[in-house]
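Student: what's the 3D shape of this:
(one chain, ligands or ions: 1)
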Amino acid sequence: MKAIIQDLSFEQIKELASSLGQPAFRARQLYEGITQGKDISQISTLPNSFKERLLTEFEDCAVKIKEVFESSDGTKKFLFELADGNIIEGVLMSYKYGNTQCVSTQVGCRMGCKFCASTLNGLIRNLSPGEILSQILKVNAAYGGTKEKRAVTNVVLMGSGEPFDNYANVVQFLKNLTSQEGLNISPRNISLSTCGLVDKMYAFAEENIPLNLTVSLHQTTDSERARTMPIANKWSIAEILQACDNYFAKTGRRYIFEYSLIEGENCDRRHAEELINLLKGRPCHVNLIRLNEVNERTLKATDEKSAYRFLGLLEKGGLSATLRRQIGSDIGGACGQLRASYIKKQGD
Ligand code: SAH
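Tutor: A predicted model of the protein is given here:
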């Protein structure tokens with residue numbers, strides 16, 4: 001595979017253009033074209049000779065929208081193809097305040113959570129900063145968005161992969177995504193979800209990218225958490241909470257916990273009480289979601305009535321919590337489901 005031009009910051013594009021003997025305005029045209037979601041060959045403002053030179057070094061298209069699936073609720077799910085043929089997935093969800101795109105950060109995942117489809121075949125490889133960014137550039141362009149009036153207004157790093165297991169590339173991606181010369185999406189409109197890599201949570205607090213830090217908690221004790229999340233053997237819930245408090249102290253941003261409700265696993269009255277004890281008084285929010293059942297997994301979602309009962313208990317206990325509606329479940333909405341079914345189809 002050749003290099004990915006979308007990896008580069010505007011500064012680096014300027015250096016590149018100048019090293020190839022191009023005037024400064026060509027750098028701006030190139031970066032504009034990239035930000036508009038164009039492949040190098042499609043940037044009509046650039047002379048062919050310059051584009052041909054770039055194409056000796058860089059992939060023309062880092063990420064291609066291969067298939068789009070539309071849910072009855074308007075959610076769109078994408079299969080993307082990378083330059084080396086790997087397949088990743090993403091989602092675009094419409095809300096009153098705008099459109100949120102969920103992006104993948106790795107091909108597969110090695111965290112091994114028992115409820116998640118992304119990790120079924122382990123980690124294939126990390127995505128480069130530009131491969132993460134290009135998912136957004138392509139979708140923004142496909143829905144008529146520009147830099148000034150974006151079709152994608154919010155971004156969540158909640159697709160396949162563990163963002164903090166691909167730390168340097170994810171940080172570079174976030175810098176490029178939030179840069180003024182690029183799509184210029186505010187960190188306030190970005191959420192990063194981690195299964196709780198505590199050392200990276202501390203490091204990220206120093207990066208000066210004050211986004212919405214989200215931690216996949218899903219349990220209230222370390223031993224129960226380890227049943228479905230192997231990472232719990234490495235970092236304890238107490239260590240996660242300390243790292244979250246540090247993030248709040250450094251950034252002033254409230255943090256969020258993801259809690260997927262799994263029948264018979266994590267949503268008894270006792271769990272609600274323990275969650276309240278853990279989180280009460282902390283500057284945080286709890287996002288509940290009923291498990292999206294994955295074919296290859298045996299875990300079951302809790303029923304809707306019990307989910308609302310659990311939410312009620314948390315609220316009564318003084319926590320800020322919401323039960324997210326399950327969207328796009330008719331199109332394999334959960335992490336990694338679409339890619340897993342695509343790969344299975346190819347193998348049949
Ligand atoms: N690796 C990161 C990013 C994945 S984000 C993380 O673990 O946070 C996706 C969120 O959906 C995580 O909270 C994850 O635990 C959760 N999730 C994964 N599979 C799910 C499923 N089948 N049903 C409900 N939530 C799921």
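
Student: What segments of the stretch 51-200 of the chain are helices?
Tutor: All helices of the stretch 51-200 of the chain, identified by DSSP state H, counting those that start in this stretch, fall at 129-142, 167-178, 198-205.

Student: Return the most buried member of those helices.
Tutor: Mean neighbour count (mean count of other CB atoms under 10 Å) peaks for helix 129-142 among these, with a mean of 25. For glycine as for every other residue, the C-beta is placed from the backbone atoms N, C-alpha and C.

Student: Could I get the contacting residues of residue 35?
Tutor: By CB atoms under 8 Å, 6 or more residues apart in numbering, the contact list for residue 35 reads 137, 147, 181, 182, 183.

Student: Also residue 281?
Tutor: By CB under 8 Å, 6+ apart, the contact list for residue 281 reads residue 318.

Student: Same check on residue 197?
Tutor: Neighbouring residues of residue 197 by CB under 8 Å, 6+ apart: 162, 164, 165, 231, 235.

Student: Report the separation between the fourth one and residue 303.
Tutor: Between residue 231 and residue 303 the distance, using CB to CB, to the nearest Å, works out to 28 Å.

Student: Tell me the residues of the stretch 51-200 of the chain that contact the ligand?
Tutor: Those residues of the stretch 51-200 of the chain that sit near the ligand, judged by CB under 6 Å from any ligand atom, are 111, 113, 115, 116, 158, 162, 193, 194, 195.

Student: Apply 8 Å and report the result again.
Tutor: The stretch 51-200 of the chain has residues 105, 109, 111, 113, 115-118, 156-163, 165, 193-196 near the ligand, with proximity defined as CB under 8 Å from any ligand atom.

Student: Filter those down to the ones in strands?
Tutor: If you go by DSSP state E, these have 156, 157, 193, 194 in strands.

Student: Got phi/psi on whatever residue of the stretch 1-150 of the chain ends up closest to the ligand?
Tutor: Using CB to the nearest ligand atom, residue 116 is the residue of the stretch 1-150 of the chain that sits closest to the ligand, at 3.7 Å. Reported as degrees, to the nearest 10, the phi and psi values for residue 116 are phi -110, psi 140.

Student: circling back: between residue 231 and residue 303, which one's more packed in?
Tutor: The residue with more neighbours, out of residue 231 and residue 303, is residue 231; 20 against 13, by other CB atoms under 10 Å.

Student: Then that one would be within a helix, right?
Tutor: Yes. Membership of residue 231 in a helix is supported by DSSP: H, G, I helix; E, B strand; the rest coil.

Student: Please work out how many residues are found near residue 22.
Tutor: By the measure other CB under 10 Å, the count of residues near residue 22 is 20.

Student: What of residue 317?
Tutor: Counted with other CB under 10 Å, residues neighbouring residue 317 total 15.

Student: before we move on, what about residue 75?
Tutor: Residue 75 has 19 neighbouring residues, counting by other CB under 10 Å.

Student: same thing with residue 275?
Tutor: Residue 275 - counted by other CB under 10 Å - has 24 other residues nearby.

Student: Can you give me the distance of it to the ligand?
Tutor: When distance is defined by CB to the nearest ligand atom, to the nearest Å, residue 275 is 15 Å away from the ligand.

Student: Quick check: which element contains that residue?
Tutor: Applying DSSP states H and E as the criterion places residue 275 in helix 269-279.

Student: Residue 1 - how many residues pack around it?
Tutor: 11.

Student: Need the pLDDT of it.
Tutor: Model confidence at residue 1, given as pLDDT, is 94.

Student: Help me confirm that it comes into contact with residue 60.
Tutor: No. Residue 1 lies out of contact with residue 60 (CB atoms under 8 Å); the separation is 11.8 Å.

Student: what about the strands in the protein?
Tutor: For the chain, applying DSSP E gives strands covering 63-70, 76-82, 87-95, 98-102, 106-108, 123-126, 154-157, 190-194, 212-216, 255-261, 284-290, 321-323.

Student: As a markdown table, the ones you listed with mean neighbour count and mean pLDDT would be great.
Tutor: Written out in a markdown table, the entries for those read as follows (neighbours: other CB atoms under 10 Å; pLDDT from 0 to 100):
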| stretch | mean neighbour count | mean pLDDT |
| --- | --- | --- |
| strand 63-70 | 16 | 96 |
| strand 76-82 | 21 | 96 |
| strand 87-95 | 22 | 93 |
| strand 98-102 | 20 | 95 |
| strand 106-108 | 23 | 97 |
| strand 123-126 | 17 | 98 |
| strand 154-157 | 23 | 97 |
| strand 190-194 | 22 | 98 |
| strand 212-216 | 23 | 97 |
| strand 255-261 | 22 | 97 |
| strand 284-290 | 20 | 96 |
| strand 321-323 | 19 | 95 |
